[in-house]
Structure formats: C-alpha cells, structure tokens
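>>> just to be clear, the model below is a prediction. Sequence and coordinates:
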Amino acid sequence: MDYLSYNISVNLRRIRKNRGMSLDETSEQTGVSKSMLHRIEHGNGSVSINVVGRIASGLRVDLNSLLGPPPEESLLIRAEELYPIKEAEGQYAVRTCFPYEDSHKLEIYRIDVEPGGRYVSGGHGDGTKEYLVMLEGEITIDTGHEIKSVKKDDLLRFNSENTHIYSNEGTERAVVFCFFVV
C-alpha cells in the first residue's frame, strides 16, 4: 500500500471511530457505500479523488484530514512497502520514505542506482540542501559545481538547488538515503 492510501485508510478509520460512527452511518453521511468504506479502511484497492472528496464533505473535514499523515507517535515503514515513484529499469529506482509535510520541513527518499546506472535529478528549489547517507556501494555525485565520490557509510551534504547527477560506476548496486531540508 502506498503512503497516500495508507494515510486515507488510517485517517478515515480514526475520524469515524472518534465520532462513534458505524460504517452504515458513515455511508449515509458521505454517500459512499459501506463496502467501499470498508475496503478503504482496510487498504484494499485504490480510491478516486471524487470518493475522497465525498467522504471529506460528508464528514465535514478538510481534504488534508484524510490525505495528510496520521497523527502518530511513530511510523514504521517496511522496505518492501516502498514502491518506486521514478524508475528506469537497469538504471535506478527512487522511493519516497517520508514526504514533505507542513509539520516536518524534511523529505526522505531512498535511491537505488544499478551498476553503470545514472539518475539525473532536477533542482529542488532555492535554499534546498540535500544530505546523503550511503548504505551500499559507491556513487558519484555531480552537482554541476563539483564531483564527489561517496562510498558506503559516507555522508555528504550539498546545495541541491540545481540539477545534479548520481552515477554508479561500480560493480554493485548503490543504495543511498537522501534527506532534503527546506
């Protein structure tokens, strides 16, 4: 389940239960079938923006109450639950671990670059810094101003306002976690 479906699932269940509403009552308020609400709450299937809008309207909550991250003390994400948001077979895969949120001015991504692979990332906006933690392999980062070789267990911080390139010239997959601070 992707993080947006997860958010909707957890938030809908939390809002409904906090109000002491049954699925029948929620269905009546929102015009969304009980079976669809059940599927949404259990993370089965995708939900259209139309349905999310009807739920928000019927429950009289803003969309972010359903789409935003659930209020949790902690959140465990298993590696196998991370689906690529960008990928080129045999080259790279980029996965969102924790997206930017108003309450947290931080984004975390995992980037896997295959041997001989290359990933070109656009700039991330004025004043953005990128922090890398190298988990496996070795990668070369070309920031447009300088080129850095980053090896397993190394850390790198650089200005990521401009296009930058991740290249894996090694023989094993490179795995890097990227933290963006705005």
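Now that the structure is in, tell me what you want to look at.
>>> the host helix or strand of residue 95: partners in the sheet, and parallel or antiparallel?
Residue 95 belongs to strand 92-98 when assigned by DSSP states H and E. In the sheet, strand 92-98 lines up against strand 84-88 (antiparallel), strand 106-113 (antiparallel) (DSSP bridges).
>>> can you list the residues that contact the longest one?
The reference is to strand 106-113. Residues outside strand 106-113 that contact it (Cβ atoms under 8 Å, 6 or more residues apart in numbering): 82, 91-100, 119, 137, 139, 166-168, 173-182. In this view, the C-beta of every residue, glycine as well, is placed from N, C-alpha and C.
>>> drop anything exposed from these.
82, 92-97, 119, 137, 139, 166-168, 174-176, 178-180 (16 or more other Cβ atoms under 10 Å).
>>> return the alpha-carbon coordinates of the strand holding residue 95 using CSV.
C-alpha atoms of strand 92-98 as CSV (Å, rounded to 0.1, in the frame of the first residue of the first chain):
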residue,chain,number,x,y,z
TYR,A,92,17.7,3.5,-10.9
ALA,A,93,14.7,3.5,-8.6
VAL,A,94,13.6,6.4,-6.4
ARG,A,95,11.3,5.7,-3.4
THR,A,96,9.6,8.1,-1.1
CYS,A,97,10.2,7.2,2.5
PHE,A,98,8.7,10.2,4.2
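>>> gap between it and the chain center?
7 Å (Cα atoms, centre = their mean, to the nearest Å).
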